[in-house]
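Undergrad: Requesting a structural model of the entry that follows:
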Amino acid sequence: MKIKSACQACHCEGGGFVTVEDGKVLKIEGDPDHPINRGKLCVKGIVYDQLLYSPDRLKYPLKRTGERGQGQWQRISWDEALDIIATRFHEIRAKYGPLSLAASFGTQPRGTFTSTIRLANALGTPNVTGPAHVSLGPAIIAEFATYGPCITAEVGPDYANARCILIWGANPLVAHPPRGWEIVAAKKRGAKLIVVDPRRTNMAAKADLWLQIRPGTDAALALGMMNIIINEKLYDKEFVDKWCVGFEQLARRVQEYPPERVSEITWIPTNMIREAAILYATTKPAAFHHRAGFEQNLNAVQTCRATTLLVALTGNIDVKGGNVFPNYPTGFMTRMDLMKEAPIARELAEKRVGAKEFPLYSGPDSVLHLAHTSLLIKAMMTGEPYPIKALFTTNNLLMTSEDTRYVWEALQKLDFMVAVDFFLTPTAELADIVLPAATWVEKDELCVNSYQNYITVRQKAMEPLGECWDDKKIAIEIARRMGGEDFRKWFPWDDPVGYINHRLRKAGYDFEYLKENGYIVEPIKYKSYLKKGFRTPSGKVELYSSVFEKFGYDGLPFHQEPVESPISTPELAKDYPYILITGGRDMSYFHTENRQVPGLRKLAPDPILDIHPETAATLGIKDGDWVWIETPKGKGRVQQKARFNSDIDPRVIHAKHGWWFPEKPGPDHGLWDSNINVVTSMELPFDPIIGATTLRGSLCKVSRV
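TA: Residues are numbered from 1 along each chain as shown. A predicted model of the protein is given here:
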């Protein structure tokens with residue numbers, strides 16, 4: 001039997017069919033009628049059955065029996081697990097107060113954002129954290145202050161109708177294949193493609209113009225492009241005059257960034273900066289796409305502001321072929337609607353960790369309402385501004401956070417920790433209770449896709465293996481076991497399908513209808529601002545941000561030299577001569593996931609470090625050698641396998657992230673060996689607006705193992 005569903009091996013959520021016989025999954029394939037992927041699935045979805053039936057998969061609740069991190073576990077029932085969790089949460093809340101409880105969500109298992117926040121709120125704590133301070137959060141804040149919703153990541157670009165596409169700090173062919181496939185299709189029909197990236201990625205290799213930028217200088221490039229666009233009157237004058245405020249201030253600011261100066265800052269030839277600016281401004285409509293490439297630095301939010309203003313200046317906002325505002329199906333309750341439905345008290349939000357330091361990220365008037373991850377981890381360690389004593393986590397927090405050794409020590413200090421996952425990850429190994437999560441094949445869910453103008457169905461294809469539970473059910477049952485009057489406020493439904501129908505109740509249909517029809521599409525509406533204006537204090541696009549000014553930040557973007565660089569720290573660069581960038585996705589993996597899946601591990605068996613052959617020759621490194629990576633942070637060193645890459649600047653080193661080795665013994669599973677976050681830092685300075693840390697653009701040295 002074929003069951004219509006949507007893959008959740010990553011955040012793309014492409015439509016597919018799951019073939020099941022006698023309760024067992026035999027095949028997973030793409031749905032040719034699905035509007036996002038049109039029949040294609042990447043390898044993660046195709047071989048997902050290997051994760052589903054992995055012998056290492058968690059299938060029953062576990063209780064720690066030895067000391068934390070000793071890897072001694074006892075299988076227990078769900079009733080016992082829930083009783084322990086409720087009892088310990090009650091005890092810790094009574095002793096230290098509800099603020100001492102915290103929750104963390106991420107990408108494994110997917111779909112935990114709303115349920116985790118609601119569980120935390122039911123427990124009385126505002127301290128929910130996730131990786132948004134270094135991934136998408138800077139863009140959300142920048143675009144919120146400029147014109148409203150975030151429309152420059154996977155959501156927003158209208159590639160199908162664009163004549164020019166600008167990709168910046170992203171490689172969607174690997175990180176979001178359905179969107180990458182759309183770009184390739186647009187290129188084939190004649191759209192021009194500009195890519196800004198320190199590496200010649202497979203997307204950059206297809207570009208008409210590749211700008212090989214020095215890491216950490218993206219704001220300077222955007223300001224330099226605006227210098228050309230404004231001075232040569234290539235901007236959309238009609239749109240700017242009618243729908244923008246702050247043009248005069250911006251025009252003055254960009255005079256500080258003539259192309260010649262920007263070339264010196266960015267390492268990009270002046271003529272290429274000019275060519276990119278003119279091509280993007282005059283080839284209309286143009287779509288812009290960025291991701292985490294420039295969101296992990298000291299100036300992340302202002303960099304996002306600079307690129308966002310490029311979209312505004314050229315009039316490519318909410319137009320066909322440009323960057324389009326979300327247009328959810330009528331009546332559908334979004335995640336933001338769910339949060340607004342039952343908000344926490346303002347006085348509680350004011351106490352959220354990070355609210356004082358980063359009010360637009362963590363404060364009561366913030367966009368994201370999240371505790372700052374690094375500050376939350378420091379609170380576990382130091383007790384400041386108050387102690388964090390218990391953690392409920394649905395992600396591999398230990399692996400994904402900067403400064404791994406510090407996080408390891410901080411998690412050891414917790415009085416109680418619950419981990420929800422598919423496998424015993426290094427994070428789960430430090431928990432007191434581990435709960436087995438159902439995969440996307442085993443649960444019912446709604447999917448909101450790239451344009452956010454349609455919702456699709458993910459329906460259960462088989463019963464969960466063992467005693468695995470849907471993450472939504474886990475949150476509901478913990479809150480129910482905790483009891484109290486807050487339970488019904490935060491969970492007015494009894495099961496996951498009730499939650500789904502709660503989101504659909506104003507739309508005029510239910511989950512059963514959606515299962516029969518597969519998806520609901522809302523026709524895209526362009527130029528919605530003509531009726532409603534923009535979601536800013538002025539009702540217009542704010543080139544000069546009154547929101548930033550209100551909170552004490554510069555209302556205009558600017559370039560800030562990375563805290564470590566050949567320019568800012570030349571003496572340090574003598575000992576650490578290379579610029580380190582981290583990240584760089586593999587098609588096989590989604591951040592820290594899938595390294596125990598044989599069909600995926602075979603495609604990418606080792607952590608790879610990209611190094612230019614000339615650089616390697618000076619260090620005595622051969623292609624395929626294992627090499628040490630060290631940073632000035634004093635955090636030790638990690639090793640990765642060198643891969644010669646002539647398309648990376650000889651002064652830049654690129655290291656993969658998320659590496660651990662499930663085949664190695666616990667509790668650490670080899671996380672100290674190659675995890676690049678071991679040598680990154682969560683120490684100041686942070687980005688002043690969101691608290692992003694420097695994961696792209698610090699200094700390092702490399703030597704042969």
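Undergrad: Now do the same contact list for the residue positioned nearest the centre of the chain.
TA: The chain has residue 135 as the residue nearest its centroid, 3.9 Å off, counting by CA atoms, centre = their mean. Counting by CB atoms under 8 Å, 6 or more residues apart in numbering, residue 135 touches 291, 292, 295, 296. C-betas here are computed from N, CA, C, even on glycine.
Undergrad: With pLDDT and secondary structure added, can I get those residues in TSV?
TA: What follows is these, written out as TSV (pLDDT from 0 to 100; DSSP: H, G, I helix; E, B strand; the rest coil):
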residue	pLDDT	secondary structure
291	91	coil
292	88	helix
295	93	coil
296	92	coil
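Undergrad: Which helix runs longest in this protein?
TA: Secondary structure of the chain read by DSSP state H shows that its longest helix is helix 78-96.
Undergrad: Okay, buried residues for that helix please.
TA: 78, 81, 82, 84, 85, 86, 88, 89, 92, 93, 96 (16 or more other CB atoms under 10 Å).
Undergrad: what pairs with the next helix or strand after that helix, and is each one parallel or antiparallel?
TA: With elements assigned by DSSP states H and E, the helix or strand that comes after helix 78-96 is strand 101-104. Strands flanking strand 101-104 in the sheet, each with its direction: strand 128-129 (parallel), strand 390-393 (parallel) (DSSP bridges).
Undergrad: Strand 101-104: which residues count as buried?
TA: 101, 102, 103, 104.
Undergrad: Just send those back as CSV, with distance to residue 569 too.
TA: Formatted as CSV, those follow (distance: CB to CB, whole Å):
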residue, distance to residue 569
101, 40
102, 35
103, 37
104, 33
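Undergrad: Could you list the domains of this structure?
TA: If you go by automatic domain parsing, the domain ranges for the chain are 62-130+339-424+431-440+466-491, 147-326+528-550, 570-704.
Undergrad: What is the end-to-end distance of the longest one?
TA: Terminal residues of domain 147-326+528-550 lie 16 Å apart, using CA to CA, to the nearest Å.
Undergrad: Which other helices and strands does the longest helix of the chain contact?
TA: Other helices and strands packing on helix 78-96, by 3 or more CB pairs under 8 Å, 6 or more residues apart in numbering; DSSP states H and E, are strand 62-64, strand 101-104, strand 390-393, strand 416-421, strand 433-436, helix 471-482.
Undergrad: could I have that helix exported to PDB, CA atoms only?
TA: Taking Å, rounded to 0.1, in the frame of the first residue of the first chain, the C-alpha atoms of helix 78-96 are listed here in PDB:
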ATOM      1  CA  TRP A  78       6.400   5.200  29.900                       C
ATOM      2  CA  ASP A  79       4.400   5.400  33.100                       C
ATOM      3  CA  GLU A  80       7.600   5.200  35.200                       C
ATOM      4  CA  ALA A  81       9.400   7.700  33.000                       C
ATOM      5  CA  LEU A  82       6.600  10.200  33.100                       C
ATOM      6  CA  ASP A  83       6.300   9.800  36.900                       C
ATOM      7  CA  ILE A  84      10.000  10.400  37.300                       C
ATOM      8  CA  ILE A  85      10.000  13.400  35.000                       C
ATOM      9  CA  ALA A  86       6.900  15.000  36.700                       C
ATOM     10  CA  THR A  87       8.300  14.400  40.200                       C
ATOM     11  CA  ARG A  88      11.800  15.800  39.500                       C
ATOM     12  CA  PHE A  89      10.400  18.800  37.600                       C
ATOM     13  CA  HIS A  90       8.100  19.500  40.600                       C
ATOM     14  CA  GLU A  91      10.900  19.100  43.100                       C
ATOM     15  CA  ILE A  92      13.300  21.400  41.200                       C
ATOM     16  CA  ARG A  93      10.600  24.000  40.600                       C
ATOM     17  CA  ALA A  94       9.700  24.000  44.300                       C
ATOM     18  CA  LYS A  95      13.400  24.400  45.300                       C
ATOM     19  CA  TYR A  96      14.700  26.900  42.800                       C
END
